[in-house]
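>>> Fold the following.
(2 chains)
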Amino acid sequence: MSSSRARLSVEALSAEWDGLPVLRSVSLSVAPGEFLVLLGPNGSGKTTLLRCLAGLERPTAGRVRLDGVDVTDRPVHTRGIGLMFQESALFPHRTVYENIAYAPLLQRRPRAEVDLEVGRVVDLLRLAGFEDRRPDQLSGGERQRVALARTLAARPRVVLLDEPFASIDVEVKAELHAEFRRALSASGAATIHVTHDRAEGLFLGDRVGLLFGGTLEAVGAPADVYEHPGSVRAARFLGYNVLPGDGGPVAVHPTDLAWSPGPRGRVLATVVAEGPTGRHRLVVLRTDSGERVELVSAVDGPSFPVGQRGGLTWERSSPLRE
Amino acid sequence: MTDRREAVVVGPAVLFVLLFAVAPAALLFGGALASAGGLSGLVAAFSTRTVGGALNRAAVENSLVQGGLSAGLAVALGYPAGIFLGRYRWPMRSTVRSLLLVPFLMPSLIVVFGVVDLFGASGVLSTLLPSLGFFGSGLPAIVAANLVFNIPLVVLFTATGVESASAELEETVATLGGSPWRAYRDAWARPSWVGAAVGGLLTFLFSALSFAPPILLCGSRCYTVEAQIYSLDAIRGLSTEAGVLAFAMVVLFLVPTVLYLLLLGRLRSVPGRRTPTRSVSLRDPVSLALAVETGAVLVGVLGVLAAVLYRTVAPVGGVAPGVAWSELFSSSTAARTGVPVSGLVANSLLFATGATVLALLVGIVLGYTMVGRPARRRALGVLLFLPLLISPVVLAFALSSFWLPLLGGATNVWVLVIVCQAILALPFALQSIEIPLAGLSPRAHEAAESLGASSWNAFLDADLPRVRDGLATAGLFAFALGLGEFTATNFLVTPQYTTLTVALYDLDFRRSFAVVDAAAGLLLLLSLAVFLVLLAGGRRVEL
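Numbers count the residues shown, from 1 in each chain, chains lettered A, B, ... in the order given. Reported below is the predicted structural model:
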C-alpha cells in the first residue's frame, strides 16, 4: 500500500526496555478501513509496538504519522488513536451506556448527539438491551463488545486491538471475530490487531505481518504470507516443518509430507509419537539430524509404530532464508 | 484437613479470642447493663452520667474533636505523599516506605516526648522560634503527636490504593481522549481515596482513643474517652460508671471501625495489572510539588523522633548526658520506679516475647484456616479484628475485672499483660500474615498430600516456606507493639511487673526530666533495633 493514502504510517520505529531492544526499526502503514494483523509469539514486541503507536510508550527512534501529520511527540489523549486491551478495562462502576458515552461526553458533544452515537455503536455491536447493565453483569464476550463499542464511540481514526480475544471461550470467539470485523469495517477506522493466534490472525486480516524479536517480517495478504513464510522462524511459527532442500532450508506443511518405512526418502527419520486428533492422525518424528517434524495423515490410513524408521518425501515446499 | 481435625486446631485459637477479648468485654458491658437496671437504666445512665456528666461529655467531645482534626489533617498532608510514594519512582523509595512504619511501631510516649522536645517550653524548635511553642501543649500538641503517628499510615494506605488502580483503565481513559486529570478522576482517584479513607479512619480511631497524648500534653480538660475511663476506674474507683462509658465508646466507634474493615477489604481485593511507576521529572511540576510535600512530611515525622534521640545526648536543663544516663541506672531511679532499669527492660522484653508467641500462634492457626474460604474468612476476620473495636483501656479494664479474680489476684497479673498485648497486636500481626497467606495456592499443599505427605508435613514443606517472611514480619510487628504498649499495660501492671514505658510515664509525672530523656532514648533505641531486625534481609514490611 502506498504511504500517500495511509491513515497511519510508521517509519523505522525502535523501542527499548531497560536498555534492551524491543522494537527494531519497524515500518508499516495502514489505510483507512483496512484491518492489519500483526502475528508473533509472546515477547516479540507486539504490545510495545501498539503502546508506542498509542503514545503510552516513547520510542527511542522513528516517527508515527497520522494522515501525514507527525504525532510521535503528541500526548496520548490528543492522538485520536483508540486502544483496546485483552482485559476489557471497562469502568466497573458505570453502566454499559455510561461506558460507551464516556468519550463522546469528553468531546463535549451535545447530549442528543451522544445518545445517537451510543445508539449507533450499540446497534453495530448488537448490545441493545444491555445499556443499563454493569460490567460485572456481562459475560467476557459481552464485555469485549462493550469495550469495542466504547472505543468506536470516540470515532478514532485508528483502532489498536491488543489480543482482545485471548481470554474468550472458543465457542464465542468465532462470532466475536465476525462482529468485530464488521463493526470496524463500518467505522472506517484503520485497525491494527496483534495476536499470537495464527488462525485468528489469518482469518481476520486484510493483510498480515509477522513480528519476531522486534523485527517486522513478511507483511502481505494472509494467503501469501502463509504460503510463503520466508524465514525459518516464520515457518516454524506458522506450523510448517523446516527441512533441508536443494538450495537451503524449505518449509513443508505437515499435510504435504509422505512417509515410507525403510531407508528410502529425502530425509530419514524415526517415529517418536503418534495418535489420532479427530479425523486426522498426528505423527511426530525425529530426523537423523535431530530436527522435530510433524506429519498429518488420514486417521484410517497406514499405522506409524513408534520407533519405526523410514524416509520422508514431499512435493510442495517453500524456500526459506535462515 | 478434615473438619474434625481442623476444629481441634482452630478451636483453642478461637477460644483464646473469645475468652480473653469477647467474653470479658461482653461481661463488662453486661455488668454495666445490670447495674444500670437494664437497657432503660443504661440509656438513663448515658444521659445522666456519660452525656449529662460534664467530664464524660467533655471526654466524648474531646475524642471526636481530636479524632476528627487529626484524621482530617493526616489525610490532607498524607494523601499527596501517598500518591508520590505509589506512583513515582525515586531513589530510596523502598527504604522510605519501610521508614514510614517507624512511628507506628514506636511507643506512644516516645512521640509525646518528641513533640515536647521540639515544641515544649525548652524545645529545640520553640527556643529558636517562640511562636512554634503553640504546638508544645494543649490541643495543638495532641494533634501534632497524633499526626506523627498517623500521617505515615495515611501515606502507606494511599500508596497501596494508588498501586491497586488498574493500569489498563487509566490508559484506556487516555486513549479515549481523557486528559491526565480525567485519568485521575475516572481511573485511579477512587482506589487512592479508598486507601486514604482507610488511613483516615484508622487515624480517627487511634486519635479519638488516644491515651498518653491528652494526659501528658494537656491534662484532664483534654481527656479522651479512653483517658476518662482510666481515670474513672483506676483513679476514682467508679467502675460502674467506667463500664457505662466503655459501652458508650464501643457504640460510638462501631461505625468507623466497621467502615475501616470494609474499606480495608476493598483495598486488598483489587485485581488487574498494577499501574507502573513513573520517574520524577523537572518538566512535570506536579511530580516536583509532590516530592517537596513528601519531603516535608518525612522531615516532620522523623524530626520528632530525631528530637528524642537528640535529647539523649543533650538532656533538658543543661544536665550532662553522662549524668542523665548514670542517674537512669542508679539506685535512686530504681527506688522511684520500684524496679531497676535492667528489671524494667527484662519485664518489657518478657511481656513482648510472650505476646508475640501468643499472637503468632493464634494468627497462624486462624489465618491458615481462612485461606480460600470466603465465608469463614469473614467470620474469623471479624473475630480477629474485634480488638480494634475494644480499646486498650477497655480491654485491660475488662480483663482485670473478669480474669484477675480467677487468676488469684495481682501476683499473676503478668499473664494478663501478655494476653492483653497479644490481643492488641493480633489485628496488625494478622495483616502481615494475611498477605502471603492470601497468595498461597492450595495446589502445592494438595500436591504434597497426593505424594503421601501428611497434612502437617504438607504445611511444613509446601506452605510454610512461602509465608515465612510474612510470619517473621508479623512476629516482629507484634514484638515492637508489645514493647511499646503503654495504655493497657499501665492499667494492669503492679509495681514489680512495671515495664520501661510505664516507668517512663511515672518518671515524667515525677518531673525527673533528665532521666526521662535518657529512658526515652533507651526505649527508642530498643524499638529501632527491632525495626532494623524487621528490615534485615531485604524483607518488605507492610501494614
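>>> What segments of the stretch 1-150 of chain B are strands?
Defined through DSSP state E, counting those that start in this stretch, the strands belonging to the stretch 1-150 of chain B, from first to last, are B:88-89.
>>> interface residues of chain B facing chain A?
Where chain B comes near chain A, counting by CB under 8 Å from any CB of the partner chain, the residues are B:166, B:168-169, B:171-180, B:182-183, B:186, B:190, B:272-273. Yep, even glycine has a C-beta here, placed from its N, CA and C like the rest.
>>> Swap in 6 Å and give it another go.
Applying CB under 6 Å from any CB of the partner chain, one finds that chain B approaches chain A through B:168-169, B:171-172, B:174-179.
>>> want to throw those into a markdown table with neighbour count?
Output for the residues of chain B next to chain A, formatted as a markdown table (neighbours: other CB atoms under 10 Å in any protein chain shown):
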| residue | neighbour count |
| --- | --- |
| B:E168 | 22 |
| B:L169 | 24 |
| B:E171 | 22 |
| B:T172 | 30 |
| B:A174 | 22 |
| B:T175 | 27 |
| B:L176 | 24 |
| B:G177 | 21 |
| B:G178 | 22 |
| B:S179 | 15 |
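>>> Please list the residues of chain A that sit near chain B.
Along chain A, the residues adjacent to chain B under the rule CB under 6 Å from any CB are A:54, A:56, A:76-77, A:82-83, A:85, A:87, A:89, A:103, A:106, A:154.
>>> again, only using 8 Å
When proximity is defined as CB under 8 Å from any CB, chain A approaches chain B at A:54-56, A:76-85, A:87, A:89, A:91, A:93, A:102-103, A:106-107, A:150-151, A:154, A:156, A:160.
>>> didn't A:R157 look like it was pressed against A:S187?
No - with the criterion set as CB atoms under 8 Å, A:R157 and A:S187 do not qualify as a contacting pair; they are 9.8 Å apart.
>>> Quick check: the residue of the stretch 101-250 of chain A nearest chain B.
Closest to chain B within the stretch 101-250 of chain A is A:A103: 4.2 Å, counting by CB to the nearest CB.
>>> Excluding chain neighbours, what is closest to that residue?
Spatially, and ignoring its direct neighbours in sequence, A:A103 is nearest to A:A154 (3.4 Å; CB to CB, 6 or more residues apart in numbering or on different chains).
>>> contacting residues for that neighbour?
When contacts are counted by CB atoms under 8 Å, 6 or more residues apart in numbering or on different chains, A:A154 is found next to A:80, A:82, A:103-104, A:106-107, B:176-177.
>>> Roughly how far does the residue of the stretch 151-300 of chain B found nearest chain A sit from B:L261?
When distances are taken as CB to the nearest CB, the stretch 151-300 of chain B approaches chain A most closely through B:E168, which lies 3.7 Å from it. B:E168 sits at a distance of 29 Å from B:L261 (criterion: CB to CB, to the nearest Å).
>>> and what of B:E434?
When distances are taken as CB to CB, B:E434 and B:L261 turn out to be 12 Å apart.
>>> Give me the more crowded residue out of these two.
Set side by side, B:E434 and B:L261 show more neighbours around B:E434, with 22 against 18, by other CB atoms under 10 Å in any protein chain shown.
>>> Can you point out the buried residues in the helix or strand hosting that one?
Taking DSSP states H and E as the definition, one finds B:E434 inside helix B:413-438. By neighbour count, and taking 16 or more other CB atoms under 10 Å in any protein chain shown as the criterion, the buried residues in helix B:413-438 are B:413-437.
>>> helices or strands up against it?
helix B:254-268, helix B:341-370, helix B:374-389, helix B:392-406, helix B:464-484, helix B:487-492 (3 or more CB pairs under 8 Å, 6 or more residues apart in numbering or on different chains; DSSP states H and E).
>>> Give the other helices and strands that the second one contacts.
Read it as helix B:341-370. Helices and strands touching helix B:341-370, by 3+ CB pairs under 8 Å, 6+ apart, are helix B:3-17, helix B:331-337, helix B:374-389, helix B:413-438, helix B:464-484, helix B:500-509, helix B:513-535.
>>> picking up where we left off before, more neighbours, A:R157 and A:S187?
When A:R157 is set against A:S187 and neighbours are counted by other CB under 10 Å, the residue ahead is A:S187, at 23 against 17.
>>> Since that was my last question, I'll sign off now.
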